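> Here's my sequence, what's the structure:
(one chain, ligands or ions: 1)
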Amino acid sequence: MNNIVLIGFMGSGKTVAGKIVAEKLALRFVDIDKLIEEKQKIPISEIFSTFGEDYFRNLEKEMVTRISNEKNRSIATGGGVVLNPENMVNLRKNGTIIWLAVSPEVARKRTKSDESRPLLHVTYPEKTIEELLSFRESLYAQADFKIETSNLSIDEVASEVLKLGGTRNE
Ligand code: S3P
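Alright, predicted model coming up:
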């Protein structure tokens, strides 16, 4: 089966929805950020603070290249995966790409008590979220499908994903 690839901003529910989808379709769940952390043996926030964002983006590109060659995966990506066009080409090879869209307000609410996102370790995260989201909007829009998640529960998001990506590629 084609991979189901979830893209979208921080707090859009990619990881939780991706896990549910994997279970329902008997796919293997993979989380690109998690794999990077396991390989580097340090958290993403520490990769950013010690080596910088560009270094992280390279690790991300390497991991995306590797995972994109696999099949039967439900893949949760990091919110910035769309920044490198090569990532999108790779992810599309064996995958249906689904954008979990989220409003800035909901993204803020869902990421507020979570310290794991280095890009939001700033004085005014609201402003950063708005800026990043508006910059990335057209990049996320390259997805095959878009789901507006702001007013959906995570189970509803997962069932929308299943409707879109749950068809077998004969
Ligand atoms: C990032 C999102 C994070 C993680 C890193 C950078 C981004 O993933 O990859 O902190 O640029 O939006 P999540 O979207 O899973 O939080």
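
> from here on, contacts and neighbour counts on C-alpha atoms
OK.

> show me what contacts Pro118?
44-45, 48-49 (C-alpha atoms under 8 Å, 6 or more residues apart in numbering).

> so which of those would you say is closest to Ser113?
Of all the contacts of Pro118, Ser45 has the smallest distance to Ser113: 14.8 Å, by C-alpha to C-alpha.

> Around the ligand, which positions in the chain sit nearby?
Contacts of the chain with the ligand, taken as C-alpha under 6 Å from any ligand atom, map to 9-10, 33, 78-80, 117-118.

> From the chain's centroid, how far away is stretch 74-86?
From the chain centre to the centre of stretch 74-86 is a distance of 6 Å (C-alpha atoms, centre = their mean, to the nearest Å).

> who wins for most neighbours among the contacts of Pro118?
Among the contacts of Pro118, Ile44 has the most neighbours (other C-alpha atoms under 10 Å), with 20 neighbours.

> Specify the local secondary structure of the closest residue to it other than its chain neighbours.
Distances taken as C-alpha to C-alpha, 6 or more residues apart in numbering place Glu37 nearest to Ile44, at 6.2 Å, with adjacent residues excluded. Of the three states, Glu37 takes helix under DSSP: H, G, I helix; E, B strand; the rest coil.

> how deep is Glu37 tucked in, by neighbour count?
Glu37 - counted by other C-alpha under 10 Å - has 16 other residues nearby.

> Much appreciated, bye for now.
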